[in-house]
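**Q** Fold the following and give me the result.
(2 chains)
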There are 2 protein chains.
Amino acid sequence: MATDTPRPHPSISDVGEFGLIRRLKRILPSSPLVVEGVGDDCAVVRLHGRLLLASVDVSIEGVHYDLGVLAPQQAGWKAAAASLSDIAAMGGTPQFALVSLAAPPETPAAVIEQMYQGMVSAMSANGAVIVGGDTATLSERTLIDVVVVGEAPGGRYLSRRGAQPGDLLAVTGRLGLSAAGYHSLSTEGGSEALQIYHWRPHPRVLEAQWLVATDRVHAMIDISDGLLQDAGHLATSSRLGLDVHTGAITIAPELAAYAERHGMDPLADFALGGGEDFELLFALDHEGHEEVFDDFRHQFRTEIAIIGRFTDEWTGVRVDGEERALTGYQHFRRPG
Amino acid sequence: MATDTPRPHPSISDVGEFGLIRRLKRILPSSPLVVEGVGDDCAVVRLHGRLLLASVDVSIEGVHYDLGVLAPQQAGWKAAAASLSDIAAMGGTPQFALVSLAAPPETPAAVIEQMYQGMVSAMSANGAVIVGGDTATLSERTLIDVVVVGEAPGGRYLSRRGAQPGDLLAVTGRLGLSAAGYHSLSTEGGSEALQIYHWRPHPRVLEAQWLVATDRVHAMIDISDGLLQDAGHLATSSRLGLDVHTGAITIAPELAAYAERHGMDPLADFALGGGEDFELLFALDHEGHEEVFDDFRHQFRTEIAIIGRFTDEWTGVRVDGEERALTGYQHFRRPG
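**A** Predicted structure coming up:
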């Protein structure tokens, strides 16, 4: 429902996820402990001169995962990866996790065990360990809430703020694969090779730490809401404009083939708006960027590409020079 | 449903909360980081030689709180206090918290803000600050998941293990008030003075730290499931027997009056099985216990009493010398 007059008692779907976060930020008191609080990918807390990073992601059956199409292990991996990726996005090292799990009483114990196995695998793959948790009854569906606590190596981390005019927008990996995998899961004759991108994302923990250490990256985010929306977060937080060059976005061959088979556009339907790729999107110093790219490619098998540029001549996100409504996922919002 | 033959595919209500925790513990890998893992009130993690404590408590509308009888601020305070009390139970100092909040889209934004205000108040009262969170859509009801991270001052903490034969069982405060408050909330002509004990529990953070520092306390827990059940956790974890002397339990005058008015027994109906008092229950060295009590009373206004004794002559919990089924709350379990 689009209306110009704000309602007297707005619901959370009226204000949207980001509106709600803004309201909650106003309630939270400041503290010398808090280096970065609510609003970035994860919180940064100073404890005895060291910086701890902490992120939380709640995953709800029917919203974030569907046990009709995902196995419990897959849902567990995906839930854990989302929170791990928030630590990665700041350049942190995940250390330990706490997991709350709610489920209907009739849920087989084996299903809960398999969800844990998926979470344990995702944590182990990223050097973290589950140290505690809680369980409770939720009649209608399962729910997984994952908190990951990590560290900022050497006290250095990146936030969404800090991009400079002239910085390049760079991205790791290939985009749209998770969205195509999700589409494929609910489509006749879907592609198993694509589906794994949806349920088994790999947070870019090592790549992010390496990027922070170069001192050439000024701001970073992980792609959870979709390229354009997360690009918007970088631009807004840095108070700059950002032009995304779609011609520079590498489309994976399997995504191109899948899109063609289903009469869809790999860029518009998947790569630009599709969330949960958990790739890194970052502002890279223009000076010496070739060297950073060369070194990165020497270090990792992960792809890396320049797909845009920051400017102080205007604000917001443009796509190939044109202003455009951002597409991406926002909780609570009704389609307007 | 009580049966002697285990089902081939048990549900989580078949295995119960504690059975599920035992199963999940088997899945979790060990780690040199983890000093105390899943199973105690909170996890203890070693990071750069310092001990961090981490606890999580999920609160679900209709299970842990009822917005028909509690204001959103009250539900928020109660949810935060449960997690803070787990840090207190180990003698820790709460530092920061992350909060996940799920709610139906039509929930007024003001309700969510008020829940946060309740949580912020409970955190502030205990020296902690909310540093991050997540929000998501849950169609059927609201849900609050609170993680608190704290520290063990001087690297010292208490767990449920470690009670010695001959130790005294001691308790802070007065028991059954939260359960009576809850009863009163859903009863015609209820007592507002009692209700506040239900929704505004005060975690015993300072008292617990003081007790740890005496070196005379060997094991500790907070009363969240009910006196007898939590006494059972102390006894089982310490592999000892524990005799609870009901005559030594102080019944608050307002609880006695309320029980009499409703034809109930303050001890059997409230103090022994009622959960969420969040008082400290601990094993105190018999030697010099009078001195500890004198010093405690000098330091705090909080009451303190000896209500039992540990033994190695048998195991389990006895009440006034008699074996007795433990009563208390356990998630998932159907009444047998």
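
**Q** drop to CA atoms for contacts and neighbour counts, all remaining ones
**A** Will do.

**Q** Show me the contact partners of the helix or strand bottoming out on mean pLDDT in chain A.
**A** One helix or strand of chain A scores below all others by mean pLDDT, DSSP states H and E: strand A:322-323, with a mean of 87. Outside of strand A:322-323, the residues within contact range by Cα atoms under 8 Å, 6 or more residues apart in numbering or on different chains are A:V317.

**Q** A:G321: how many residues sit nearby?
**A** 11 (other Cα atoms under 10 Å in any protein chain shown).

**Q** so what's it up against?
**A** When contacts are taken as Cα under 8 Å, 6+ apart, A:G321 is in contact with A:D243, A:V244.

**Q** Next, it: phi, psi?
**A** Main-chain torsions, A:G321, degrees, to the nearest 10: phi 90, psi -10.

**Q** Compute the distance between it and chain B, please.
**A** Counting by Cα to the nearest Cα, to the nearest Å, the separation of A:G321 from chain B is 33 Å.

**Q** what does A:P72 give?
**A** Distance of A:P72 to chain B, computed by Cα to the nearest Cα: 14 Å.

**Q** Let me know how buried that residue is, in neighbour terms.
**A** As a burial measure, A:P72 scores 23 neighbours (other Cα under 10 Å).

**Q** Same check on A:E322?
**A** 9.

**Q** per-residue pLDDT, the spatially closest residue to A:V171 that is not a sequence neighbour?
**A** Residue nearest to A:V171 in three dimensions, not counting chain neighbours: A:L281, with 4.5 Å by Cα to Cα, 6 or more residues apart in numbering or on different chains. Per-residue pLDDT puts A:L281 at 98.

**Q** which outside residues touch the one helix or strand A:L281 maps to?
**A** Here A:L281 sits within strand A:280-284, counting by DSSP states H and E. Residues outside strand A:280-284 that contact it (Cα under 8 Å, 6+ apart): A:89, A:163-164, A:167-172, A:204, A:208, A:216-223, A:230-231, A:234, A:310.

**Q** can we see that at 7 Å?
**A** Residues outside strand A:280-284 that contact it (Cα atoms under 7 Å, 6 or more residues apart in numbering or on different chains) are A:89, A:163, A:167-172, A:204, A:216-223.

**Q** Quick check: neighbours of the least confident helix or strand of chain A in the sheet, parallel or antiparallel?
**A** Sheet pairing for strand A:322-323, assigned by DSSP bridges, gives strand A:316-319 (antiparallel).

**Q** tally of neighbours for A:Y197?
**A** 20.

**Q** Next: A:H298.
**A** So A:H298, with other Cα under 10 Å, has 10 neighbours.

**Q** Regarding it, what is its secondary structure?
**A** Secondary structure, DSSP: H, G, I helix; E, B strand; the rest coil: A:H298 is helix.

**Q** swap in A:S139?
**A** Classification of A:S139 using three-state DSSP returns coil.

**Q** what's near enough to touch it?
**A** A:A103, A:P104, A:P105.

**Q** excluding its backbone neighbours, what's nearest the residue positioned nearest the centre of chain A?
**A** With distances taken as Cα atoms, centre = their mean, A:S224 lies nearest the centre of chain A, 2.6 Å away. With Cα to Cα, 6+ apart as the criterion, A:S224 has its nearest non-adjacent residue at 4.2 Å, and that residue is A:E276.

**Q** Mind pulling the model confidence for the one you found?
**A** pLDDT, A:E276: 93.

**Q** Report the contact partners of it.
**A** Taking Cα under 7 Å, 6+ apart, we find A:E276 in contact with A:S178, A:I223, A:S224, A:D225, A:G226.
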